[in-house]
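1. below are the sequence and a predicted model for it; my questions follow.
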Amino acid sequence: FALSYSFAGIDVHAAEATDDLVHKFAHRTVRGMLLAVGRPDGRMWGQTKTEQAVVLGMKQVVFVENCGERPEVVTVGHNPYYEP
């Protein structure tokens with residue numbers, strides 16, 4: 001990895017997607033960024049609002065551009081629903 005991608009670096013951050021992500025890390029969006037986010041199972045009534053808060057935070061981060069590029073977002077969870 002280091003020899004193939006010597007021009008790129010890996011920078012790992014952690015934030016709560018329902019609270020801290022947009023305010024603390026949206027300004028750090030760079031070209032080629034991959035954002036992996038855990039997504040609660042919104043099919044359960046108690047976690048529906050939490051899942052929607054995570055989706056809203058991801059949509060806000062996706063619209064931050066750097067050099068004309070937006071970050072790629074991958075959500076991991078059990079809910080099979082996806083937006084077309």
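-> Cool, got the structure.
2. ok, which stretches of this structure are strands?
-> 34-38, 72-76 (DSSP state E).
3. could you pull out the buried residues of the last one?
-> Within strand 72-76, the residues scored as buried using 16 or more other Cβ atoms under 10 Å are 73, 75. (Glycine included, C-beta is placed from N, CA and C.)
4. same question for that strand, mean pLDDT?
-> The average pLDDT within strand 72-76 is 84.
5. measure how that strand sits relative to strand 34-38, angle-wise.
-> Inter-element angle recorded for strand 72-76 and strand 34-38: 20 degrees (by axes from the mean of the first three to the mean of the last three Cα atoms, to 10 degrees).
6. OK, contacts around residue 64?
-> By Cβ atoms under 8 Å, 6 or more residues apart in numbering, residue 64 lies in contact with 26-27, 29, 70-71.
7. of those, which pair is most distant in space?
-> Greatest spacing in those, by Cβ to Cβ: 27 and 70 (14.1 Å).
8. excluding chain neighbours, give the residue nearest to residue 29 in space.
-> residue 64 (4.3 Å; Cβ to Cβ, 6 or more residues apart in numbering).
9. beta partners for the residue nearest the centre of the chain?
-> Taking Cα atoms, centre = their mean, the centroid of the chain lies closest to residue 35, which sits 4.0 Å from it. Beta bridges link residue 35 to residue 73 when assigned by DSSP bridges.
10. strand 34-38 and the longest helix along the chain, what's the angle between them?
-> Counting residues, the longest helix found in the chain (DSSP state H) is helix 48-62. Interaxial angle, helix 48-62 versus strand 34-38 (the same axes, to 10 degrees): 170 degrees.
11. give me the buried positions along helix 48-62.
-> For helix 48-62, burial by neighbour count (16+ other Cβ under 10 Å) applies to 50-51, 53-55, 57-58, 61.
12. and which of those is nearest residue 42?
-> Nearest member of the buried residues of helix 48-62 to residue 42, counting by Cβ to Cβ, is residue 51, at 3.3 Å.
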